[in-house]
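Enquirer: From the sequence below, what's the structure:
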Amino acid sequence: NISNKLIIKQGIQSVTQELVRQCLEYLSEELDNCPNQPQKYFQEIVLPDSVKCIEANAFEGFTALKTINLGKVEQIGSAAFKGCINLSEVNLSSLKTIENETFMGCRNLQIASMENVETISDKAFMGCTNLENISISKDKIKSIGDRAFKDCPNLTYPELPKGITIGSDAFDHQYWCAIY
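Expert: Below is the predicted model:
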């Protein structure tokens, strides 16, 4: 019986889509009880402190994923967690940039902490329909890309600094008007 936890070994500095594919291939071949599509099985990914980078598409489509600690990760590539529909909370405090489509379609994501983030790229959180709270530092955030928070109807509008660059449709339209 295998655990629903995927553990990346100490010493790995960069998690690539190929590395993840090889891990899943190994698990499918070596373990009797491994499901046919293991990326739809793992609920938790454990990264050692040595991991500084998660490259593009590395965990895309890990539909069962609920938990990942990104504490020491300094860079995450485009669409790295795209479609991880059960991911509920992420701490992105060591990142400066959130790339295109990184968390797109993570519909159960509720909280995203990103106090050191300077740039949120296009469609980074698009379709995160349960996203309610994002923590952004007004002193650090400089730009939010096109459709970055599009289709996030439950999001509490963050306080943003003057002079920030905001792309088209960065937020759902309801955030741009208020009646007092």
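Enquirer: hey, let's count contacts and neighbours off CA atoms from now on
Expert: Noted.
Enquirer: okay, Lys5: pLDDT?
Expert: On the pLDDT scale, Lys5 is placed at 85.
Enquirer: Could you check how far it is from Leu19?
Expert: Distance, Lys5 to Leu19, by Cα to Cα, to the nearest Å: 16 Å.
Enquirer: Check Gln10 too.
Expert: Distance, Gln10 to Leu19, by Cα to Cα: 14 Å.
Enquirer: who has more neighbours, those two?
Expert: Leu19 (14 against 11; other Cα atoms under 10 Å).
Enquirer: Need the residue closest to the centroid of this protein.
Expert: Nearest to the mean C-alpha position of the chain, by Cα atoms, centre = their mean, lies Phe103 at 3.9 Å.
Enquirer: what residues are up against it?
Expert: Applying Cα atoms under 8 Å, 6 or more residues apart in numbering to Phe103 gives the contacts 79-84, 124-126, 128.
Enquirer: On the three-state scheme, it is what?
Expert: Following DSSP: H, G, I helix; E, B strand; the rest coil, Phe103 is assigned to coil.
Enquirer: Just the pLDDT at it, thanks.
Expert: pLDDT, Phe103: 97.
Enquirer: Check Ile136 too.
Expert: On the pLDDT scale, Ile136 gets 90.
Enquirer: for Arg147, same thing?
Expert: We note a pLDDT of 96 for Arg147 in this prediction.
Enquirer: if you skip the residues just before and after it, what's nearest to it?
Expert: Spatial nearest neighbour of Arg147, excluding adjacent residues (Cα to Cα, 6 or more residues apart in numbering): Ala170 at 4.0 Å.
Enquirer: what are the phi and psi angles of the residue nearest to the centre of the chain?
Expert: Per-residue torsions, Phe103: phi -120, psi 20 (degrees, to the nearest 10).
Enquirer: nearest residue to Ala80 other than its sequence neighbours?
Expert: Closest residue to Ala80 in three dimensions, ignoring its sequence neighbours and counting by Cα to Cα, 6+ apart: Asn57, at 4.0 Å.
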